[in-house]
Structures are given as structure tokens and as C-alpha cells.
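S.K.: curious how this folds, go ahead:
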Amino acid sequence: MSLDAVLSRIDADLSTSIDRLMEFLRIPSISTDPAYNEQVEKAADWLVADLQSIGIAAEKRLTTGHPMVVGHVGEDGDGPHVLFYGHYDVQPVDPLELWKRDPFDPALEDTENGQVIRGRGSSDDKGQLMTFVEACRAWKAIHGTLPCRITFFFEGEEESGSPSLVPFLEANKDELKADLALVCDTSMVSRGVPSIASQLRGMLKDEFTVIGPRIDLHSGHYGGPGLNPLRELSKIVASFYDDETGRVAVDGFYEGVHEVPAEQLRQWENCGFNETEYLKSVGYTQPHGEKGYSTLEQQWARPTLEVNGLWGGYNGAGSKTVIPSEAHCKITCRLVGDMDPDALRDKIRKHVEDRLSPDAKVVWDNDLEGSPASVMNLDRPEFEAARGALSDEWDREAVFTGMGGSIPVVGYFDTVLGLDSMLVGYANDDDAIHSPNEKYDVKSFHKGIRSWARILDALNK
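M.R.: Prediction:
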């Protein structure tokens, strides 16, 4: 099959492809707000109709929440079988007054970095989802078929916690199994640097309350002999960290953590990441993580323990001379490598309990939440094939990157479907996803379509 003819068709049809995306963006598919339930349904129907228009056997599947869209093309023996995932729901638009235009009236705008598509969902994730659909459309237009067997799987609840996702995967695991999952809900490490995410950090959440006296106490009557839970809590929080090295000081915290291979470090060092701008954009002058690791390593490949909230005592106007009865703390950990969230929770809780003074008690939250890191199987030949395809399209070496955050669906594809995932996205850091004035570069959209065409071609060889 001729790839050049497909790429030429993509170029010729770009304006029409943008028009289709604009139509899709006008549907306010906000999944978290019940007032928009009909619009979420409308977006699912739009996708079904669009896939069917290019010969994909697609349908809307109802769940207890918002619907899934599933489509199939090809048969056994038609090359590799890939599952492509994206989500069609979007974030709320508040605060509306900060938008330059109606968030669901998308438009092309000229900026210093080129033309952009401005509107909610343009980058996260409708624009990225449509790069793949448009690549398939061009393949069908030129060849009448696609280069491999494809299952399309589009979710309508990603921005609202995906409550229906796992039950749907479990109920339809035989239908959704494939050789490899392709996910396009990611970004490029730097503008113009094509990127394949090789690892995602996992997450552990916990919360605890330190309890001292049975009631709030007068600080004149009990100041001195009284145990103050806020002081206890501050002592415990300080003990989480080694100030000299920046490491987490919980015993056994780093079990399952691995060093980054030298070849990946080389790619990271030459990926165009601007540490100064990254730090300066939020008011920092230097990184504050583990000594001996670069900013990218700290963000992508090292675990963290963060204090997300501390409170207790009197927080109103003026002062109130009390020793509070309770003090509270919320923490989260980002996990890497083979770290076990359940084992780590036990270690953190032991660390806290071992440091309690007499008469202090701790009560832990019972709403347990944790997921391990996702590490992609880069030994699979598809990854190097895709990296070569991206390098050819962007005229720049594509890199295997890490990601500081988490994409839960990748873990579910592994545990429920037994699927490895490849994450390729074309968003930029300044796309303002989840924020007012979200945008997607026209260059990202155009070259994203061309990139998927090249990747599909490369995977079929």
C-alpha cells in the first residue's frame, strides 16, 4: 500500500478535517455535570455516525453512566490487531469569564507559534482522537481498506472518574482484546519533539488524624503539660523527608524503584526540555527534589511523597487560645517501577505510628486508593517502529519519555485485557487543557494525522 498517496490525501483534505473537528467541538460533552447528559450522548452519536461514514462497523454501547463507542474493521489475518483508545467527554469550562470566546464556539486563531484551534476539548481529547480517525479516513479513501485490523474504543467518562470503564472492559474483554493498545491522550515533551510515553507514575492516597485531648483545651490551663496534635503532626510531617538529600525518609520507601537505562537518559537529555522555563513558569528558581537527579528524572522516574493538606485548630478571624483536640493530614505518593501501593501504605503508616508521643493516637482513613506505575514494554518491536515513523514525520529524533502523572486506562488495559499500551500524543504544554482558552495547534493536528498514517504503515511491516 502506498503511504505517499495517503499523506498527500491528508494534506489535501486538511481544511475539511478541521471543519469536522470544529463540528465535534461544538458539542458540549461535559461528562461530570448531569445537565449535559444529552450532549454527551449526542457526542457519542456523532462519533458513531462519523466512523460509519468511513466503513467502520461502529455502535454506541450503553453503560450505567455515559455510553462507550466501539467500532471494528478488518478480520483475522489482516495484519496486526490494534485497539485505539480516546475519550470524547470534556472538562467543565468554569470560570467562563476568563475565556476569550465561547468555549463551544471553536475558531482558528493566529498566534506567535502558528495557527491554533481554540475551544474546549480541542486538545483534550477530541482533537487528538480525531487525528487517528482522520488518518484512517485517508487510508480508506486511497486504498479502500485499512493497513491492519483496528478496534476503536472511545470513552465518555474519562473526565469524571471513569466509573463505568472497568465493568465495561470486564464484560467485553473478549471483544476488546487486541495485540496492542494505542492511546493518544498525551503530549510532546517539547514543541516539535515527537514523543512516546514509556512510563507513567502510579498513585497512592492516604489521610490520617492525630488525636490528643478529648476536647479542645484552654492554652493557659494546659499550655505546657498538654500534648498538642498540631505540633505532633508537624513533627511527623518533617520526619517524612531527609533535608540533606531530598529523599523520602520512610524506611523501605524506595523498594521497587529502578534507575533509568542509559539510552533513555540520553534521549531525555536531548529532548529539548527547557528546565529554566519549566521552573520559572511557576515561580521557582531551582528544583527541590532528590539530589543527584535531573528535573526530568525527578518528574518522570522518581517516587514522591507529597503533603496535600494540613489543618486543625482554629482557622477563623482573629485568635483563639486553644490546644486543638485533633490535627489532620492528606498525603499522596507518586509511584514508579515495581513499587507496591499496598505494601507502601503499610510502611508509611508504620512510620507515623512509630513516632507518636504517649497520649497521641492516630486514626487512618479507610477509603483506600492506590495503583501501581505503568511501564511500557519497549522490547516490543512496535515501539521502535513507531519511533522511526514519528522521526520521519517530524524530521527530528522521536524520544521515549516518562510522564509524571497517571493514565488509569493504561493500567486497566493491562490488568483486565492483558494489553500492552503505546502512548503517542501531539499536545503541547501550553494547550491549557482543563483551563480557560484551551487550544490545539493546527500543526499538531495536521502532523498528528500524518504521524498515525506512518505508524499504521510501520506496524504492518
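
S.K.: gap between residue 34 and residue 457?
M.R.: 43 Å (Cβ to Cβ, to the nearest Å). (Each C-beta comes from the backbone N, C-alpha and C, glycine too.)

S.K.: who has more neighbours, those two?
M.R.: Taking neighbours as other Cβ atoms under 10 Å, residue 34 and residue 457 compare with residue 457 leading, 20 against 9.

S.K.: which residue sits closest to that one, ignoring its sequence neighbours?
M.R.: residue 3 (4.7 Å; Cβ to Cβ, 6 or more residues apart in numbering).

S.K.: that neighbour touches residue 451, doesn't it?
M.R.: No - applying Cβ atoms under 8 Å, one finds residue 3 not in contact with residue 451, separated by 11.9 Å.

S.K.: what touches both of those two?
M.R.: Common contacts of residue 3 and residue 451 (Cβ atoms under 8 Å, 6 or more residues apart in numbering): none found.

S.K.: okay, those two: which has more neighbours?
M.R.: Legend: neighbour count by other Cβ under 10 Å for residue 3 and residue 451, higher for residue 451 (25 against 18).

S.K.: so what sits opposite residue 190 in the bridge?
M.R.: Bridge pairing for residue 190 (DSSP bridges) gives the partners residue 193.

S.K.: and it, what does it touch?
M.R.: Contacts of residue 190 (Cβ under 8 Å, 6+ apart): 271, 272, 273, 274.

S.K.: surely residue 149 touches residue 75?
M.R.: Yes - Residue 149 lies in contact with residue 75 (Cβ under 8 Å); the separation is 6.6 Å.

S.K.: between those two, point out the one with more neighbours.
M.R.: Counted by other Cβ under 10 Å, residue 149 and residue 75 do not tie: residue 149 has more neighbours, with 19 against 8.

S.K.: is that one bridged to anything, and to what?
M.R.: residue 81.

S.K.: okay, it: pLDDT?
M.R.: For residue 149, the pLDDT comes out at 97.

S.K.: and residue 59, by the same measure?
M.R.: Confidence for residue 59, expressed as pLDDT, is 98.

S.K.: look up phi and psi at it.
M.R.: phi -150, psi 160 (degrees, to the nearest 10).

S.K.: show me the contacts for it.
M.R.: Contacts of residue 59 (Cβ under 8 Å, 6+ apart): 48, 69, 70, 71.

S.K.: grab the nearest non-local neighbour of the last one.
M.R.: In this structure, residue 71 finds its nearest non-sequential neighbour in residue 58, 3.3 Å apart by Cβ to Cβ, 6+ apart.

S.K.: three-state assignment of the one you found?
M.R.: Classification of residue 58 by DSSP: H, G, I helix; E, B strand; the rest coil places it in strand.

S.K.: what about it, how many residues nearby?
M.R.: For residue 58, using other Cβ under 10 Å, the count is 20.

S.K.: gap between it and residue 151?
M.R.: 10 Å.

S.K.: so what sits against both of those two?
M.R.: Contacts common to residue 58 and residue 151, judged by Cβ under 8 Å, 6+ apart, are 70, 71, 72.

S.K.: distance check, the last one against residue 220.
M.R.: Between residue 72 and residue 220 the distance, using Cβ to Cβ, works out to 74 Å.

S.K.: who has more neighbours out of these two?
M.R.: residue 72 (19 against 9).

S.K.: distance of residue 332 relative to residue 85?
M.R.: Distance of residue 332 to residue 85, given as Cβ to Cβ: 25 Å.

S.K.: who has more neighbours out of the two?
M.R.: residue 85 (26 against 17).

S.K.: check which helices and strands whichever strand or helix holds the more buried one sits against.
M.R.: Assigned by DSSP states H and E, residue 85 belongs to strand 81-87. With contacts taken as 3 or more Cβ pairs under 8 Å, 6 or more residues apart in numbering; DSSP states H and E, strand 81-87 sits against helix 126-143, strand 149-155, strand 180-183, helix 408-417.

S.K.: repeat the analysis, applying 6 Å as the threshold.
M.R.: strand 149-155, strand 180-183 (3 or more Cβ pairs under 6 Å, 6 or more residues apart in numbering; DSSP states H and E).

S.K.: who's in contact with the longest one?
M.R.: For strand 149-155, the surrounding residues in contact (Cβ atoms under 6 Å, 6 or more residues apart in numbering) are 47, 68-74, 78, 81-88, 178.

S.K.: and the helix or strand just after it, what's its mean pLDDT?
M.R.: Per DSSP H and E, the first helix or strand lying C-terminal to strand 149-155 is helix 165-171. Helix 165-171 shows an average pLDDT of 98 in the prediction.

S.K.: quick one: helix 165-171 to chain centroid distance?
M.R.: Here helix 165-171 is found 20 Å from its chain centre; the criterion is Cα atoms, centre = their mean, to the nearest Å.

S.K.: repeat for stretch 144-153
M.R.: Distance, centroid of stretch 144-153 to centroid of chain: 25 Å (Cα atoms, centre = their mean).

S.K.: and it, how far apart are its ends?
M.R.: End-to-end distance for stretch 144-153: 22 Å, by Cα to Cα, to the nearest Å.

S.K.: cool, stretch 369-386 as well?
M.R.: By Cα to Cα, the extent of stretch 369-386 from end to end equals 34 Å.

S.K.: show me the contact partners of it.
M.R.: Contacts for stretch 369-386 (Cβ under 6 Å, 6+ apart): 180, 198-205, 335-336, 341, 410-411, 420, 455, 458-459.

S.K.: what comes up buried for that stretch?
M.R.: 370, 371, 372, 373, 374, 375, 376, 378, 382, 383, 385, 386 (16 or more other Cβ atoms under 10 Å).

S.K.: got it, and stretch 139-159?
M.R.: 139-140, 142, 146-159.

S.K.: what about stretch 367-377, how long is it end to end?
M.R.: Termini of stretch 367-377 sit 32 Å apart (Cα to Cα).

S.K.: just give me how far the worst-scoring helix or strand of the chain on mean pLDDT sits from the chain centre.
M.R.: Least confident helix or strand of the chain, by mean pLDDT, DSSP states H and E, is strand 369-371 with a mean of 88. Here the centre of strand 369-371 is set off from its chain's centre by 15 Å, with Cα atoms, centre = their mean.

S.K.: right, and the helix or strand after that strand?
M.R.: strand 374-375.

S.K.: give me the mean pLDDT for that following strand.
M.R.: The model assigns strand 374-375 a mean pLDDT of 92.

S.K.: next structured bit after that strand?
M.R.: Counting by DSSP H and E, what follows strand 374-375 is helix 381-394.

S.K.: next, the angle from that following helix to strand 81-87.
M.R.: 60 degrees (axes from the mean of the first three to the mean of the last three Cα atoms, to 10 degrees).

S.K.: who's in contact with the very next helix or strand once past helix 381-394?
M.R.: Elements were assigned by DSSP H and E; along the chain past helix 381-394, the next helix or strand is strand 399-403. Here strand 399-403 makes contact (Cβ under 6 Å, 6+ apart) with 189, 195, 196, 197, 198, 199, 200, 264, 267, 271, 300, 301.

S.K.: where exactly do the helices run in the stretch 201-350 of the chain?
M.R.: 219-222, 229-239, 262-269, 275-280, 295-300, 341-353 (DSSP state H, counting those that start in this stretch).
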